[in-house]
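> Fold the following for me, if possible:
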Amino acid sequence: MARTRKTVIGASLVAGALTLSLSGCGAADMTKQASPYAAVGGAKSVTLPVGTWVGAQANVVVAKYILEHKLGYRVDTVQVDEQPAWDALSQGRVDAILEDWGHPEEEQRYVKDKKTVTAGGGNGVTGHIGWFVPKYWADKHPDVTNWKNLDKYADELRTAESGRKGQLLDGSPSFVTNDKALVKNLDLNYEVVFAGSEAAQITQIKQFAKKRKPFLTYWYEPQWLFNQVPMVEVKLPKYTDACGEKGAKDPKSIDCEYPTIPLQKYLNTDFAKSGGKAAELLKSFKWTKDDQNEVSEMIASQGLPSDEAAKRWVERHPDVWKSWLHEK
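Numbering: from 1, shown residues only. Here you go, the predicted model:
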């Protein structure tokens, strides 16, 4: 979930205020904090940052479980925003980022110029941000899935927060999206309203769905909520390289859809070279959006502790994680 306005997608996924049940997890400035195990002589330790959306958490809890239970490592996890995570990764305060949505400036600085960070390849999941409406509404009004027809339905989507305009529901105001620019540049009669977090946005979507009410929301894939509330994407003007380049220079000029992005991993360069089996595991870590959603739903919807969710996934999918360890 890219946080900088100068990324290719120019947007970040909504970051939730989910309470993570990971060991050592809490809001922290990782540029000033190292792993508590770092000073333990000879300790086999790994430090992983956790993004504040449940998909990122799912990656980490499974990697953590395997590192601890299959390879004998101690794993420290800390919830940290994307930008500080890159800085901490370069400094060696965290060892690997398991889901990056595109930070070209940081990639240029740390991977290509300073070489303090090493690309770890894709994690197997493809990310996409867009505008979505509930399927039960789209089935009745198929034309709502084209942005050109949205104003026709603005009155139906008015809320106390959006005033006389239709509501476009976003997540946290602390995360960057293109939505205000899109509403303005496409001349739509809508107001971007922030729920406050991923968790709050999910709650609102569920409330709308329970009453079978229409809604328009900024949302993304992969996301487990699609399993409970089927949604259909609204077609925005097609993304082009020219639009992306224009948006990189001036984010307020963006007038096209969000692109689809293969999500990437990055490792601290020293860790990539000398991190032994832990580094090899994280380099090999690769699964599908269904795998990620399975773990995410257990945590966010079923309320399982993260370690238990990871344990259940590991027990169900030995063929996947054993390939990361190069086992049969």
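
> Does residue 229 touch residue 206 like I think?
Yes: with contacts counted by CB atoms under 8 Å, residue 229 reaches residue 206, the gap being 6.6 Å. No exception for glycine: its C-beta is placed from N, CA and C like everyone else's.

> now the helices: where do they sit in the stretch 151-300 of the chain?
179-185, 198-210, 241-249, 269-274, 276-284, 289-300 (DSSP state H, counting those that start in this stretch).

> Check these for me and report the most buried one.
helix 289-300 (a mean of 22; mean count of other CB atoms under 10 Å).

> can you give me the angle that helix makes with helix 198-210?
90 degrees (axes from the mean of the first three to the mean of the last three CA atoms, to 10 degrees).

> Please name every helix or strand in contact with helix 289-300.
With contacts defined as 3 or more CB pairs under 8 Å, 6 or more residues apart in numbering; DSSP states H and E, the packing partners of helix 289-300 are helix 54-69, strand 117-134, helix 306-316.

> Apply 6 Å and report the result again.
Applying 3 or more CB pairs under 6 Å, 6 or more residues apart in numbering; DSSP states H and E, we find helix 289-300 packed against helix 54-69, helix 306-316.

> where's residue 144 relative to residue 125, distance?
To residue 125, residue 144 is 28 Å away according to CB to CB, to the nearest Å.

> between the two, who's got more neighbours?
residue 125 (23 against 20; other CB atoms under 10 Å).

> Give the full set of residues in contact with the more buried one.
222, 263, 289, 292 (CB atoms under 6 Å, 6 or more residues apart in numbering).

> start to end distance for stretch 280-298?
End-to-end distance for stretch 280-298: 27 Å, by CA to CA, to the nearest Å.

> Ignore what I typed, I meant stretch 169-185.
End-to-end for stretch 169-185, by CA to CA: 18 Å.

> gap between it and the chain center?
16 Å (CA atoms, centre = their mean, to the nearest Å).

> go on, stretch 217-233?
13 Å.

> List of residues touching it?
By CB under 6 Å, 6+ apart, stretch 217-233 touches 13, 55, 125, 128-130, 132-135, 138, 145, 169-170, 177, 179, 202, 205, 209, 289, 292-293, 296-297.

> In the stretch 1-150 of the chain, where is pLDDT below threshold?
The model of the stretch 1-150 of the chain has pLDDT under 70 over residues 1-43.

> number of nearby residues for the nearest residue to residue 62 once chain neighbours are set aside?
Nearest non-adjacent residue to residue 62, counting by CB to CB, 6 or more residues apart in numbering: residue 310, 4.8 Å away. Here the number of neighbours of residue 310 (other CB under 10 Å) works out to 26.

> Residue 189 and residue 149 touch, don't they?
No: Residue 189 lies out of contact with residue 149 (CB atoms under 6 Å); the separation is 11.9 Å.

> Name the residue in those two with the higher neighbour count.
Neighbour count, other CB under 10 Å: between residue 189 and residue 149, residue 189 has more, with 17 against 14.

> Which residues are in contact with that one?
151, 154, 165.

> Leaving out chain neighbours, which residue sits closest to the last one?
So the one you mean is residue 165. Nearest to residue 165 is residue 191, by CB to CB, 6+ apart, at 4.2 Å.
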